[in-house]
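Novice: model the structure of this input:
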Amino acid sequence: MLPTLADVLHLDAVRRGEPRVVAGADRLDARVRWVHSAEVTDIAHLLRGGELVLTTGIALPDEPGRLRRYVAELADVGACGLIVELGRKYASTLPAALISAAEEYGLPLIAWARETPFVDVTEAVHAQIIDAQLAELRASDKLHEVFTQLSVDGAPPDEVVRQAARLSGRPVVLENLAHQVLAADAAGTDPADLLASWETRSRAVRTEERTAYDASSRWLVTVVGARGEDWGRLIIAGEGPPSPRDVVLIERAATTLALGRLLDQHAQSLERQAHGSVIAGILAHAYSDPQEAAARARALGVPLTGRRLLGIVVLPCPAGTTELPPLTELADATAAACRDASLAALVGALDEGSPQARVGVLASLPARAEDERILREVAKRLRTHHSVGGAADSGRGFVMAAGSIVESIRDVRRSFQEAEQVADVAARRGDDRPFYRLPDLRLRGLLHLLRDDARLQTFIERELGSLLTHDARRGGDLVHVLALYLDSGRNKALAAQRAHLSRPALYERLRRIERVLDTDLEDVESCASLHVALLALDSVRRDRS
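Specialist: Numbers count the residues shown, from 1 in each chain. Now for the predicted structure:
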């Protein structure tokens, strides 16, 4: 870190001149970027900020107005201080006009009582600056080493956040786009204090750049994401402005988190790994030609060409008090169930070890096959196979969900996305159906499925962000009133009753909501969009509660 003006005044080369601070004593914490000696008054245009200016004062004007302009120009360009050597222009004291101008513009002014070689000062200060720059470079290399190792090790987000907190010595928080905390390390402070009213505080911090410092909250914030898809923010909470090292640290940690999300690797049996690789390749559109995917599947004994294709997702669920079984065991049981039901299918574990871990099944059905009957048969046999291992003796142990039938490999991803959505909601239901499909769900369930999708979180912020911020800043209840109004079918009398408000009071709140959101609550489409956003917000908040 660059030396401060106070550090410079303690250097032997400077102390030999017997320095005395005559103005700006409260600004000695200013950082010194360089030292510049000059005996002319029009020096400001040659500076870039952070310079300590040395002069004998021999060319300084006598007129108070011109002295004041000289100091003002130095302050305007960001000079960190001015040292004037006595003995040539000024015998024992500096002019009162120079001192008062320095106080007015907040420019530290130091008088040297003894003659001092300027070259000794510049050498001493520049050596300290270079040492600081080398220290920052070594620190940057250390950060690179630490976070590269975390990437290689496939460290989970909690570990990346913990290391960032350790290296910065400050609390670090990872949040999603809905301002919900995904991981946090309080760095020795009280976690409850760090996370208190987090959503409200976080919503108030908005930055224009991908990495920026917010002075009001004293947060250093950077966006986390890759391939053009941002999914969260990483925040270092501090007591003051960040150092360049802090900026490097938070950006390197964010990169590690983004890579970890993209490059997670999992161990499986060779057969399941082969099946899973083909499924993952199809879902990621990794094959330039669908025929390549068909050839790979056919080599594994599963024909995809000229067949009806169905995406199936099996999620592990806690069975009573039993812990979740390893995903590989569930994948093996699912493959056995498909074989017993005479269903040709690719079966593999997907995203094992992550919160999105599931078993993927790409079923290949003959033209006249009854998909509902086949799904019931597979679910029945899967329950049998899964119970044999003791995982489902006291509960479901898994949830199976299926998407829609598609006719080509290009559409398989749509079928899988539908199945994943259905499975996620079904896992939270209390019934015990053999399998689930989209018609079993309604709007709330669908939004709950999509709660972690950055696009849905962006939609919530676009529709409700200004109203949420308004409530957070004023301790208001406009979001609650809007929800009651829409849940009441826009019946104002019923909404007023449910909100325990008089009708005039309700009308005033509705008008305020319209002003904050810049919308018309008489417009049906606007109300429908707001209602969906409220339902989605409820899903996000319930999941994090």
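
Novice: is it true that R414 touches G403?
Specialist: Yes: taking CB atoms under 8 Å as the definition, R414 is a contact partner of G403 at 7.2 Å. To be clear about C-beta, it is placed using only N, CA and C from the backbone, and glycine gets the same treatment.

Novice: what's the first helix or strand after the helix or strand hosting V247?
Specialist: According to DSSP states H and E, V247 maps onto helix 244-262. Using DSSP H and E, the next helix or strand after helix 244-262 towards the C-terminus is helix 270-283.

Novice: alpha carbons of that next one, as CSV, please.
Specialist: This file holds the C-alpha atoms of helix 270-283, laid out as CSV (Å, rounded to 0.1, in the frame of the first residue of the first chain):
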residue,chain,number,x,y,z
LEU,A,270,-18.2,-46.0,-15.9
GLU,A,271,-21.6,-46.9,-17.4
ARG,A,272,-23.5,-44.3,-15.5
GLN,A,273,-20.8,-41.8,-16.4
ALA,A,274,-21.0,-42.6,-20.1
HIS,A,275,-24.8,-42.3,-20.0
GLY,A,276,-24.7,-39.1,-18.0
SER,A,277,-22.1,-37.6,-20.4
VAL,A,278,-24.4,-38.1,-23.4
ILE,A,279,-27.4,-36.7,-21.5
ALA,A,280,-25.4,-33.7,-20.3
GLY,A,281,-24.1,-33.2,-23.9
ILE,A,282,-27.6,-33.2,-25.3
LEU,A,283,-28.9,-30.8,-22.6
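
Novice: helices or strands up against that helix?
Specialist: helix 290-299, helix 327-340, strand 344-350, strand 358-365, helix 412-426 (3 or more CB pairs under 8 Å, 6 or more residues apart in numbering; DSSP states H and E).

Novice: give me the residues contacting that helix.
Specialist: Helix 270-283 has contacts (CB atoms under 8 Å, 6 or more residues apart in numbering) with 267-268, 286-287, 293, 296-297, 300, 328, 331-332, 335, 346-350, 360, 362, 409, 412-413, 416.

Novice: next, the buried residues of the lengthiest helix in the chain.
Specialist: In the chain, assigned by DSSP state H, the helix with the most residues is helix 118-153. Using 16 or more other CB atoms under 10 Å as the test for burial, helix 118-153 gives 118, 121-122, 124-125, 128-129, 132, 136, 139, 143, 146-147, 150-151.

Novice: what angle do the helix or strand that it is followed by and helix 118-153 make?
Specialist: Once helix 118-153 ends, the next helix or strand along the chain (criterion: DSSP H and E) is helix 157-168. Using axes from the mean of the first three to the mean of the last three CA atoms, to 10 degrees, one finds that helix 157-168 and helix 118-153 are set 160 degrees apart in direction.

Novice: P303: neighbour count?
Specialist: Close neighbours of P303, defined as other CB atoms under 10 Å, add up to 12.

Novice: should've said D520
Specialist: D520 has 11 nearby residues by other CB under 10 Å.

Novice: out of the helices and strands packed on helix 270-283, the one nearest A483 is which?
Specialist: Closest to A483 of the helices and strands packed on helix 270-283 is helix 412-426 (CB to CB; 20.8 Å).

Novice: tell me the mean pLDDT over the closest one?
Specialist: Averaged across helix 412-426, the pLDDT comes to 88.

Novice: pull the residues that contact that helix.
Specialist: 279, 282-283, 285, 309-315, 358, 360, 362, 399-406, 433, 436-438, 440-441, 445-446, 448-450.

Novice: same question, stretch 399-411
Specialist: 282, 290, 293-294, 304, 308-315, 317, 365, 371, 375, 378-379, 382, 412, 414-420, 422-423, 426-427, 434-438.

Novice: tell me which residues of that stretch are tucked away?
Specialist: Of all the residues in stretch 399-411, those buried under the rule 16+ other CB under 10 Å are V399, M400, A401, A402, G403, V406, I409, D411.

Novice: V160: which of these is nearest?
Specialist: Each of the buried residues of stretch 399-411 was checked against V160 using CB to CB; the closest is V399, at 30.2 Å.

Novice: the strands in this structure, which residues?
Specialist: 19-23, 34-37, 51-55, 81-85, 109-112, 172-176, 181-185, 211-214, 219-226, 229-237, 308-316, 344-350, 358-365, 398-406 (DSSP state E).

Novice: residue at max distance from the center of this protein?
Specialist: The centre of the chain is farthest from one residue, A91, which by CA atoms, centre = their mean lies 59.8 Å away.

Novice: which residues touch A237?
Specialist: Contacts of A237 (CB under 8 Å, 6+ apart): R170, P171, V172, V173, L194, S217, R218, W219.

Novice: is the last one in contact with L234, as I believe?
Specialist: Spelled out, that is W219. No: if you go by CB under 8 Å, W219 and L234 don't touch, sitting 10.3 Å apart.

Novice: mind checking which of the two has more residues around it?
Specialist: L234 (29 against 22).

Novice: who's the more buried one bridged to?
Specialist: Beta-bridge pairing for L234 (DSSP bridges): L174, T222.

Novice: tell me how far the helix or strand bottoming out on mean pLDDT in the chain lies from the chain's centre.
Specialist: Scoring the helices and strands of the chain by mean pLDDT, DSSP states H and E places helix 443-449 at the bottom, with a mean of 75. Using CA atoms, centre = their mean, to the nearest Å, the mean C-alpha position of helix 443-449 is found 24 Å from that of the whole chain.

Novice: H10 versus D131, what's the distance?
Specialist: 15 Å (CB to CB, to the nearest Å).

Novice: then Q180?
Specialist: Q180 is 48 Å from H10, by CB to CB.

Novice: okay, these two: which has more neighbours?
Specialist: Taking neighbours as other CB under 10 Å, Q180 and H10 compare with Q180 leading, 19 against 11.

Novice: pretty sure that one sits against V540.
Specialist: Yes: contact status for Q180 versus V540: in contact at 6.5 Å, counting by CB under 8 Å.

Novice: can I get the buried residues of stretch 399-411 in CSV with distance to L74?
Specialist: Formatted as CSV, the buried residues of stretch 399-411 follow (distance: CB to CB, whole Å):
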residue, distance to L74
V399, 70
M400, 74
A401, 70
A402, 74
G403, 69
V406, 71
I409, 70
D411, 69
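
Novice: rewinding a little: are any of the contacts of helix 412-426 buried, and which?
Specialist: 279, 282-283, 309-315, 358, 360, 362, 399-403, 406, 436-438, 441, 445-446, 448-450.
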